[in-house]
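Trainee: give me a 3D structure for the following:
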Amino acid sequence: MTTGLRLEDRGAVVEVVLDRPDKRNALDGPLFEALVETQQALDERQDLRAVILRGEGAAFCAGLDLRAFAGEPALSERLLRHVPGTDVTVAQQVAVGWRSLSVPVIAALHGQVFGGGLQIALGADVRIAAPDSQLSIMEGRWGLIPDMGATATLRHLLRIDQVLDLTYSARIVAAEEALQLGLVTRIAADPLAAASELAQEITAKSPDAIAGAKRLFLDTWYSGADAGLGREAELQRLLIGSANQTEAVRANFEKRAPKFTTE
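Mentor: Numbering: from 1, shown residues only. The predicted model follows:
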């Protein structure tokens with residue numbers, strides 16, 4: 001079974017590559033599992049100095065592979081289970097888990113960065129986007145809420161009204177607007193080259209100082225996020241498989257206006 005993930009190990013710097021280009025790197029069960037396992041493996045690396053996240057092909061990640069989820073009904077519930085020994089679900093871990101690494105994580109973004117793909121990118125310390133990048137909190141289109149750590153990652157990037165605007169509308173924003181909003185750190189013509197350059201700058205610094213700086217700001221900046229993570233999972237469990245959520249998916253696949261109920 002292919003996992004849809006590969007590593008390009010350059011010693012001190014490792015590139016974590018979402019590798020389902022034919023699916024625009026959409027997230028299925030094996031890819032979720034591979035991301036969690038990769039985070040755990042990287043966390044044990046003593047020689048590691050930086051991680052770069054990127055996507056193969058035309059997109060960083062177009063979100064969930066809903067056809068894969070439809071073919072495996074138990075997958076949604078499995079992703080909403082907690083990672084053993086933590087208060088974080090598997091779905092949340094693939095995004096917020098990058099923060100647990102002692103080294104900086106840089107996301108190089110291009111093309112579609114939708115839904116779960118955006119939430120994974122938000123878990124990185126720095127996001128460098130290509131001018132063609134398109135970003136969206138797209139879960140509402142499928143009758144869902146963002147439940148991969150967005151309550152923890154967005155709270156100090158955007159104002160709450162901006163988050164609600166993007167979540168309610170599920171609209172797509174271009175790189176320039178994403179930069180103005182705070183969804184991305186900066187724009188570069190070649191985000192992978194820019195990410196690699198930043199990674200090399202990091203390797204020239206004291207590893208203790210870099211690790212200390214990451215812990216200093218993440219441990220203080222985002223304190224109090226745990227309640228939001230629990231609430232994400234609680235609300236998503238109520239939505240998955242409900243009549244209106246199923247109708248949202250069906251209408252998208254059938255390219256028609258959805259017919260929701262208010263009962």
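
Trainee: what about K205, how many neighbours?
Mentor: By the criterion of other CB atoms under 10 Å, K205 has 12 neighbours. Every C-beta, even on glycine, is put in place using the N, C-alpha and C of the backbone.

Trainee: again, but for A213
Mentor: Neighbours of A213 (other CB under 10 Å): 14.

Trainee: one more: H110?
Mentor: By other CB under 10 Å, neighbour count at H110 equals 23.

Trainee: who are the neighbours in contact with it?
Mentor: Applying CB atoms under 8 Å, 6 or more residues apart in numbering to H110 gives the contacts 55, 58-60, 129-130, 132-133, 191.

Trainee: one more: L166?
Mentor: L166 touches 136-137, 158, 173, 181, counting by CB under 8 Å, 6+ apart.

Trainee: out of the contacts of H110, which end up buried?
Mentor: Buried residues within the contacts of H110, counting neighbours by 16 or more other CB atoms under 10 Å: 55, 59-60, 129-130, 133, 191.

Trainee: now these in CSV, with pLDDT and secondary structure?
Mentor: Rendered in CSV, the data for those read as follows (pLDDT from 0 to 100; DSSP: H, G, I helix; E, B strand; the rest coil):
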residue, pLDDT, secondary structure
G55, 98, strand
A59, 98, coil
F60, 98, coil
A129, 98, strand
A130, 98, coil
S133, 98, coil
P191, 98, helix
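
Trainee: how about the residues you listed in CSV, adding distance to N252?
Mentor: Shown next, in CSV, are those (distance: CB to CB, whole Å):
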residue, distance to N252
G55, 22
A59, 18
F60, 21
A129, 26
A130, 26
S133, 22
P191, 29
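
Trainee: biggest separation within the contacts of L166, which pair?
Mentor: Using CB to CB, the pair of the contacts of L166 lying farthest apart is S136 and L158, separated by 13.5 Å.

Trainee: more crowded one of these two?
Mentor: Set side by side, S136 and L158 show more neighbours around S136, with 24 against 17, by other CB under 10 Å.

Trainee: surely the more buried one meets A170?
Mentor: Yes. Taking contacts as CB atoms under 8 Å, S136 lies within contact range of A170: 6.1 Å.

Trainee: neighbouring contacts of stretch 179-199?
Mentor: Taking contacts as CB under 8 Å, 6+ apart, the residues outside stretch 179-199 that touch it are 13, 49-50, 52, 54, 104, 106-110, 118, 122, 126-131, 133, 135, 157-158, 162, 166, 173, 175-176, 178.

Trainee: put the buried members of these into a PyMOL selection.
Mentor: In PyMOL, this line selects whichever of those come out buried by 16+ other CB under 10 Å:
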select buried, resi 13+49+50+52+54+104+106+107+108+109+110+118+122+126+127+128+129+130+133+135+158+166+173+175+178
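
Trainee: any stretches of the protein with poor pLDDT?
Mentor: For the chain, the stretches with pLDDT under 70 are 1, 222-227, 262-263.
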